[in-house]
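Okay, predicted coordinates and the sequence, questions at the end:
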Amino acid sequence: MKFEISNNPLDTISADVAVLFVFEGKKTFIATNTFSSFDSAVKGELSKIAKAEKFSGKKGTSVVAHFPKITLPTKVLLVGLGEKDSLTPNSYRKAVAQIAKLHKDKIDSLSISLLSADFIDVDIATQAYLVAEGIGLATYTFAQYKSKNDDARDFATVIISVDKKSQKDVQEGIQKAELYLQANRLARDLVNEQPAIATPTFIAKIAQDLTKKSDVVTCKVFDKAELEKMGMNAFLGIARGADTAPKFVYLHYKPGGKNQSEAEKRKIALVGKGITFDSGGVNVKPDGYMTTMKQDMAGAAAVIGVFSVIDKIKPDCEVIGLAALTPNMISGKSIVPGDVVKAYNGKTIEVLHTDAEGRVTLADSLSYAVELGATEIIDLATLTGACMVALGVGIAGIMGNDENLIETLTVAGNETGEELWQLPLPEDYAEDNKSDVADISNLPASRWGGAITAGLFLQEFVEKTKWAHLDIAGPAFAERDFPLGPKGGTGFGTRMLLNYLLAQKK
Ligand code: BES
Ligand code: ZN
Ligand code: ZN
């Protein structure tokens, strides 16, 4: 898909569908700049049609019109955005996405004109970003394994119509959207790929290949023998049951240029849970709970997605990406309840439930981030069903030891439409993670507050480092089609992290 900018009004742009927005009014709809200029080009005919259809501009409704003799677009789509005051950047992105989704299989080109400042409370660059990103997210498909690829069609061109003086801003907004989309698509692809293909070796190779395209990104992949020497025994304990080789990915971005400022001394570690398939281990998951478990590396996928464009985002501090990659499998070699493993930082973990494997692998990844000298750690993990019970499938839980970091990430996510909601980490709940035989147990004594006890478990491995933990079990994988994409991996967190890194530069 290609985004183009045109200084011409929509009625003179040739496209399969031209999109015009209006708002909902009391009796009739409220015209916008994009509507009015088109309506006058067709001498008020569009108003007449809308009136005849009793179109109110209600959110989610639309009218289709054709003006073959007077205008160039084949079809005109008049879309209601609902009440003017209820329009937010996120609802605008979603509205555009919905239109794109509805038409993507039927048409090749779509033209759209931007709302003027009286109608939407964002600058023109942001509006162009929202439009391009909404369309890009909505039209994503993963059709590799469909022998008939009917759903895989996409727009060849999207033309954004805007006056000449805003052209540069629009260009800027589109560029940002294209970067975010590229990273998001990689994360979605990695999650959607079948577990037999998306093995630790396969994913590690993709991470490694990112360094070929950039001289500011390096990647080291540790294999089993190296991990044994290093003492990553928590991770290796979980990997024991699988036939596929475990891999530990260490990505590193170092800003170019010589004079390192104070800001550049920061070292942000992004840590992703990387369970390439979660069977539950010998505490095997019950029927129905395993079908979407290829998603259990969505945290790692988001981190790799970020690194795929990090040299274009160019943060002015070091960024580290870590992922411990293995499936959680059942065999005669599998870890079993009662086994004790020693994590990278020397703490011992009693594994009382093999399906609470994520926190065990993260124990090593987080302690490694601390040892690398990270000044802040952000982990993303499809960690607990309990977080889904608490917040549903649309919102991720965020926990941590630094309110400022939590707040900044939440704002970054709000801007990309990836919602985070803070859960507390009350000290006394840590009682539940006590073990009779080791320093800590991976199975909380109480089943209540499972997202929180998991967060408290992770906290034991970040020491005093500033840290935020995102439990993305809900939003990482869509079990139904949604406005911003099809069922499957959503790439949740990828754009939020990029947005966070960008915001750090200002
Ligand atoms: N990967 C799962 C959590 C999960 C569930 C992610 C649904 C996405 C969708 C995790 O490894 C797990 O199984 N957690 C257990 C922990 C429990 C045994 C303490 C859970 O949440 O039930
Ligand atoms: Zn599990
Ligand atoms: Zn898991």
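Looks like it arrived, so ask away. Numbering: from 1, shown residues only. Ligands and ions are numbered 1, 2, ... in the order given.

pLDDT below threshold where in the protein?
Along the chain, the parts satisfying pLDDT under 70 run over 150-152, 257-264, 506.

Go again with 90.
26-28, 104-106, 147-156, 213-215, 256-265, 504-506 (pLDDT under 90).

Residue numbers of it in contact with ligand 2?
Residues of the chain found near ligand 2 (Cβ under 5 Å from the ion) are 278, 355, 357. Quick note: C-beta positions are derived from backbone N, CA and C, even for glycine.

Give me the buried subset of those.
Those of the residues of the chain next to ligand 2 that meet the buried threshold are 278, 355, 357, by 16 or more other Cβ atoms under 10 Å.

Quick one: mark the members of the residues of the chain next to ligand 2 that sit in strands.
Mapping these onto strands (DSSP state E) picks out residue 278.

which of the residues of the chain next to ligand 2 come close to ligand 3?
residue 278.

What about ligand 1: which of the residues of the chain next to ligand 2 touch it?
For ligand 1, the contacts drawn from the residues of the chain next to ligand 2 by Cβ under 6 Å from any ligand atom are 278, 355, 357.

how about the residues you listed in JSON lines, adding distance to residue 96?
Formatted as JSON lines, these follow (distance: Cβ to Cβ, whole Å):
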{"residue": "278", "distance to residue 96": "35"}
{"residue": "355", "distance to residue 96": "40"}
{"residue": "357", "distance to residue 96": "39"}
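
Tell me the one among those nearest to residue 477.
Nearest to residue 477 among these is residue 278, at 11.8 Å by Cβ to Cβ.

which residue sits closest to residue 112, ignoring its sequence neighbours?
residue 19 (4.4 Å; Cβ to Cβ, 6 or more residues apart in numbering).

List the contacts of the one you found.
Residue 19 sits next to 77, 79, 96, 99, 110, 111, 112, 113 when contact means Cβ atoms under 8 Å, 6 or more residues apart in numbering.

out of those, who's nearest residue 157?
residue 110 (7.7 Å).

quick one: which of the contacts of residue 19 sit in helices?
Applying DSSP state H to those, the entries found in helices are 96, 99.

ok, and of the contacts of residue 19, which contact ligand 1?
Of the contacts of residue 19, not one also sits near ligand 1 (Cβ under 6 Å from any ligand atom).

Let me see the backbone angles for residue 252.
phi -140, psi 120 (degrees, to the nearest 10).

Just the strands from the stretch 201-350 of the chain, written as ranges.
Applying DSSP state E, counting those that start in this stretch to the stretch 201-350 of the chain gives strands spanning 217-222, 247-253, 267-278, 318-328, 339-342, 348-351.

Would you format the ones you listed as JSON lines with distance to residue 69 included?
Below are the strands of the stretch 201-350 of the chain laid out as JSON lines (distance: least, Cβ to Cβ, whole Å):
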{"stretch": "strand 217-222", "distance to residue 69": "55"}
{"stretch": "strand 247-253", "distance to residue 69": "56"}
{"stretch": "strand 267-278", "distance to residue 69": "56"}
{"stretch": "strand 318-328", "distance to residue 69": "56"}
{"stretch": "strand 339-342", "distance to residue 69": "75"}
{"stretch": "strand 348-351", "distance to residue 69": "73"}
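
So which of those is nearest residue 463?
Going by Cβ to Cβ, the one of the strands of the stretch 201-350 of the chain nearest residue 463 is strand 267-278, 12.6 Å.

and that closest one, what other elements does it pack with?
For strand 267-278, the elements it packs on are helix 200-210, helix 298-307, strand 318-328, helix 358-371, strand 376-381, judged by 3 or more Cβ pairs under 8 Å, 6 or more residues apart in numbering; DSSP states H and E.

same thing but at 6 Å, please
Judged by 3 or more Cβ pairs under 6 Å, 6 or more residues apart in numbering; DSSP states H and E, the packing partners of strand 267-278 are helix 298-307, strand 318-328, helix 358-371, strand 376-381.

Could you export the ones you listed as TSV, including distance to residue 146 and mean neighbour count?
Shown next, in TSV, are these (distance: least, Cβ to Cβ, whole Å; neighbours: other Cβ atoms under 10 Å):
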stretch	distance to residue 146	mean neighbour count
helix 298-307	21	31
strand 318-328	25	27
helix 358-371	31	26
strand 376-381	29	28
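
how far away is residue 490 from residue 187?
In this structure, residue 490 and residue 187 are 8 Å apart, going by Cβ to Cβ, to the nearest Å.

circling back: okay, the helices and strands packed on strand 267-278 in JSON lines with distance to residue 179 next?
JSON lines is the format used below for the helices and strands packed on strand 267-278 (distance: least, Cβ to Cβ, whole Å):
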{"stretch": "helix 298-307", "distance to residue 179": "10"}
{"stretch": "strand 318-328", "distance to residue 179": "15"}
{"stretch": "helix 358-371", "distance to residue 179": "25"}
{"stretch": "strand 376-381", "distance to residue 179": "19"}
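
nearest to residue 337, of the ones you listed?
Closest of the helices and strands packed on strand 267-278 to residue 337 is helix 358-371, at 12.3 Å (criterion: Cβ to Cβ).

what helices or strands is the closest one leaning on?
helix 233-239, strand 267-278, strand 318-328, helix 450-459.

In JSON lines: the ones you listed, plus distance to residue 125.
What follows is the helices and strands packed on helix 358-371, written out as JSON lines (distance: least, Cβ to Cβ, whole Å):
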{"stretch": "helix 233-239", "distance to residue 125": "43"}
{"stretch": "strand 267-278", "distance to residue 125": "25"}
{"stretch": "strand 318-328", "distance to residue 125": "24"}
{"stretch": "helix 450-459", "distance to residue 125": "36"}
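
Out of the ones you listed, which gets nearest to residue 434?
helix 450-459 (10.8 Å).

what angle separates that closest one from strand 267-278?
130 degrees (axes from the mean of the first three to the mean of the last three Cα atoms, to 10 degrees).

tell me the contacts of residue 83?
residue 24 (Cβ atoms under 6 Å, 6 or more residues apart in numbering).

re the thing from before, I'd like the helices and strands packed on strand 267-278 as JSON lines, with distance to ligand 3 appended.
Listed next are the helices and strands packed on strand 267-278 as JSON lines, based on distance: least, Cβ to the ion, whole Å:
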{"stretch": "helix 298-307", "distance to ligand 3": "10"}
{"stretch": "strand 318-328", "distance to ligand 3": "6"}
{"stretch": "helix 358-371", "distance to ligand 3": "4"}
{"stretch": "strand 376-381", "distance to ligand 3": "8"}
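
interface residues of the stretch 301-450 of the chain facing ligand 3?
So far as Cβ under 5 Å from the ion goes, the stretch 301-450 of the chain lies against ligand 3 at residue 358.

of all of the stretch 301-450 of the chain, which residue lies closest to ligand 1?
residue 385 (3.5 Å; Cβ to the nearest ligand atom).

Next, count neighbours for the nearest residue to that residue once chain neighbours are set aside.
In space, and not counting its chain neighbours, residue 385 is closest to residue 473: 6.4 Å by Cβ to Cβ, 6+ apart. Per other Cβ atoms under 10 Å, the neighbour tally for residue 473 reads 28.
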